[in-house]
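Novice: sequence unavailable; structure follows:
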């Protein structure tokens, strides 16, 4: 039937699978099966997302301890990278290289 329409120029102009007046793909049993599997997976995801692991009261303070530990770890790492204290004599030691008059 499709070849008769194409030969008599009463069919789909241009490419048959794209465009505004395209030929429709037949729906196969594999397409139906895949759609059903996708919908079942989506329903299962909705089921598990609708039942949270923690209650709202438990969730409110759950991350506070972890945030505190992370902050202390970062603070300690920055403190360890801080240079050691130097005295004024250490900073000005290069000025006394050519002291010939000091005994």
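Specialist: Perfect, thanks for sending it. Keep in mind it's a predicted model, so treat the numbers as computed, not measured.

Novice: next up, phi/psi of the nearest residue to residue 59 once chain neighbours are set aside, please.
Specialist: Leaving aside its chain neighbours, residue 59 sits nearest to residue 52 (7.6 Å; criterion: Cβ to Cβ, 6 or more residues apart in numbering). Quick note: C-beta positions are derived from backbone N, CA and C, even for glycine. Main-chain dihedrals, residue 52, degrees, to the nearest 10: phi -70, psi 150.

Novice: now residue 97
Specialist: According to degrees, to the nearest 10, residue 97 has phi -70, psi -40.

Novice: tell me the helices and strands packed up against the lengthiest helix in the chain.
Specialist: When the chain is parsed with DSSP state H, its longest helix is helix 29-49. Secondary-structure packing of helix 29-49 (3 or more Cβ pairs under 8 Å, 6 or more residues apart in numbering; DSSP states H and E): no helix or strand packs against it.

Novice: for this structure, which segments count as helices?
Specialist: Using DSSP H, helices in the chain cover 2-7, 29-49, 56-60, 64-81, 88-91.

Novice: relative to residue 22, which of those is closest?
Specialist: Minimum separation from residue 22 across these (Cβ to Cβ) falls at helix 2-7, 12.6 Å.

Novice: and that closest one, average pLDDT?
Specialist: Helix 2-7 carries an average pLDDT of 64.

Novice: and what of stretch 53-72?
Specialist: 87.

Novice: what do you get for stretch 77-96?
Specialist: Mean predicted confidence for stretch 77-96 is 85.

Novice: relative to residue 30, how far out is the residue lying closest to residue 23 once chain neighbours are set aside?
Specialist: Sequence neighbours aside, residue 16 is the residue nearest to residue 23 in space, at 4.4 Å (criterion: Cβ to Cβ, 6+ apart). Computed as Cβ to Cβ, to the nearest Å, the residue 16 to residue 30 distance reads 21 Å.

Novice: this completes my enquiry, with thanks.
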